[in-house]
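[1] take this sequence and fold it.
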Amino acid sequence: MKSAAFLLSALTAAVLYAQDTEIHTLQVRGGIYMLSGGGGNITVQTGPDGILLVDTGLAANSSKIMAAIRKLSDGPVRWVIDTHVHADHTGGNEALVKMGATPAMPAPARVVAYISVLDRMVTPLPGEAAIPATLWPNDTYSTPYKDFFFNGEAVFVTHLPNAHTDGDSIVFFRRSDVLSVGDLFMPDLYPFIDIARGGSVQGLIGGLNKILEIAVPGRYQEGGTMIIPGHGRLCDEADLVEYRDMVTIVRDRVEDLIKQGKTLDQVKAAKPSRDYDTQYAAVGSFVSPDAFVESIYRSLKK
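    Numbering: from 1, shown residues only. So this is what the prediction gives:
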């Protein structure tokens, strides 16, 4: 029988992640801000060309999110980038695009996502409610990356295959030296590997390594490229290295147990994540140690 982690819908996961509905704003660097508390973290880039958003949070929090955005800029929302399909990152697509229009820019924003995000929205998993077409991206890409110039800097949207899901994108603001990485990385939480939507532990580790290729640390490995995670605090490369190493070590332990012929229950009983549980499995965490280990097991067996 599959664990609860695999039976939860994306919306259920979103609600569990989003306990705090007060919107908090943090200036990251220059015109780049991180909004937290509306579901997943939202990245806001402001400037003379208007507003760019990475992810849009839960639909129920859209009014609060837009109020926070309007404290930063009264410009039009011209770009939205969805890092993946889950509702805590795409639920506000329709509302923020509508509320982000201005008389000077009445046309709807371009909503960018990797093409499999649209595929997942058009054809949800069996038993899940249909996703309204008003939430779908209107600008998909199927190449390894998409780039454009906005507010005085190059913006790179890169697909990382079969990681958290099969439609993950990370966004790199080159001049600002800021990365927005969605749910590939969530400091202080075990990752949710959404196998039902194409995620895998090998792809997740590959994605984390790709982020590390882009990020550059500051002096004494602190600072440098700033990393906005899908949930949680603002981070740098050192935080991501610790997280990548944790996922890799637990993956290796589970893989070794599989080679020994252990069943899923036996792998769980061996507690291959035990020395990390105090850091990544706080009370109320969405992904429990057993669920994390099970996702690795099922991913490797698949």
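[2] got phi/psi on the spatially most central residue of the chain?
    Centroid check for the chain by C-alpha atoms, centre = their mean gives G182 as the closest residue, at 1.8 Å. With angles defined as degrees, to the nearest 10, G182 sits at phi 60, psi -150.
[3] isn't it right up against G230?
    Yes: counting by C-beta atoms under 8 Å, G230 is a contact partner of G182 at 4.7 Å. C-beta coordinates here come from the backbone N, C-alpha and C atoms, glycine included.
[4] between those two, which contacts overlap?
    G40, D55, T83, H89, H164 (C-beta atoms under 8 Å, 6 or more residues apart in numbering).
[5] and the third one, what does it touch?
    Going back to what we said before, that points to T83. Residues in contact with T83 (C-beta under 8 Å, 6+ apart) are V54, D55, H89, D168, S169, I170, V171, S180, V181, G182, D183, G230.
[6] run the last query once more with 7 Å
    Residues in contact with T83, defined by C-beta atoms under 7 Å, 6 or more residues apart in numbering, are V54, D55, H89, D168, S169, G182, G230.
[7] one more: the second one?
    Going by C-beta under 7 Å, 6+ apart, D55 touches G40, I42, D82, T83, H89, G182.
[8] I'd like the list of those that fall within strands, please.
    I42 (DSSP state E).
[9] could I get the contacts of D55 as TSV with distance to K302 and pLDDT?
    Converted to TSV, these look like this (distance: C-beta to C-beta, whole Å; pLDDT from 0 to 100):
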residue	distance to K302	pLDDT
G40	26	92
I42	32	98
D82	25	98
T83	23	98
H89	24	97
G182	22	98
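[10] show me where the stretch 101-250 of the chain has its strands.
    Assigned by DSSP state E, counting those that start in this stretch, the strands in the stretch 101-250 of the chain fall at 110-114, 139-141, 145-150, 153-160, 168-173, 178-180, 226-228.
[11] what pairs with the fifth one, and is each one parallel or antiparallel?
    For strand 168-173, sheet partners with direction are given as strand 153-160 (antiparallel), strand 178-180 (antiparallel), following DSSP bridges.
[12] now render these as a markdown table, adding mean pLDDT, distance to K268 and mean neighbour count.
    Shown next, in a markdown table, are the strands paired with strand 168-173 (pLDDT from 0 to 100; distance: least, C-beta to C-beta, whole Å; neighbours: other C-beta atoms under 10 Å):
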| stretch | mean pLDDT | distance to K268 | mean neighbour count |
| --- | --- | --- | --- |
| strand 153-160 | 98 | 28 | 20 |
| strand 178-180 | 98 | 33 | 27 |
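[13] closest to P272 out of those strands?
    Among these, the nearest to P272 by C-beta to C-beta is strand 153-160 (24.5 Å).
[14] check the offset of the closest one from the chain's centre.
    Remark: strand 153-160 is offset 14 Å from the chain centroid, using C-alpha atoms, centre = their mean, to the nearest Å.
[15] these two touch, right, P289 and D277?
    Yes: here P289 lies in contact with D277, judged by C-beta atoms under 7 Å, at a distance of 5.0 Å.
[16] neighbour count: those two, which is higher?
    Legend: neighbour count by other C-beta atoms under 10 Å for P289 and D277, higher for P289 (19 against 15).
[17] residue contacts, the more buried one?
    P289 touches Y190, S273, D277, A281, counting by C-beta under 7 Å, 6+ apart.
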